[in-house]
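A.B. asks: Fold the stuff below for me.
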Amino acid sequence: MFVDALGLVCDAQAFVAAAVSLSSINLGASIPKRAIGDGEGLGFGFAVDVAADCTTVKLEVIMTTDAALTAGIIVLVEETRLAADLPAGGLLFLALPKGAPAAGWLQYLGVRATPAGGNATVTLTSWLTAEKLFSVQAKAYAKGYTIS
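C.D. replies: Residues are numbered from 1 along each chain as shown. Predicted coordinates:
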């Protein structure tokens, strides 16, 4: 699995209560908008840097009208996970919807995490990547030779 630094939206970012990623992906203000939902499936990979110290964590992929990810927020994908499902070193992937959303693409993409319960913290790294380039677990293959 490769992580492209240009697709990185948060790097070992500690999320306390609801917070958005420190960076965003700029799709540009061009007309027509970039058709990122066509062709190869894209989404955000998440790596857990420090295990969740809470009960649950809601992860969201969002699009907004500003680079700070605070204005005109539209949630594209959301998933709530138990803290036990987010151990240090854990990986997960949230795919962007295929095709353009009904409202069309807004200019910026990012992520938002909302830890709840307990100390309500989790530290994550997240990046935009092609679905086929994301691997949750390395695959082991049998050797293709024998020694005699």
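
A.B. asks: residues in contact with Glu60?
C.D. replies: 75-78, 111-114 (CB atoms under 8 Å, 6 or more residues apart in numbering). C-beta here means a position set from N, CA and C on the backbone, and glycine is covered the same way.

A.B. asks: List the contacts of stretch 66-73.
C.D. replies: Contacts of stretch 66-73 (CB under 8 Å, 6+ apart): 20-21, 24, 26, 62-65, 106-108, 110, 112.

A.B. asks: Spit out the contact partners of the residue minimising distance to the centre of the chain.
C.D. replies: With distances taken as CA atoms, centre = their mean, the residue of the chain nearest its centroid is Phe44 (3.0 Å). Counting by CB under 8 Å, 6+ apart, Phe44 makes contact with 9, 61, 93-94, 96, 111, 126-129.

A.B. asks: now the chain, which segments are flagged as low pLDDT?
C.D. replies: Within the chain, the segments meeting pLDDT under 70 span 1-2, 30-35, 37, 136-141.
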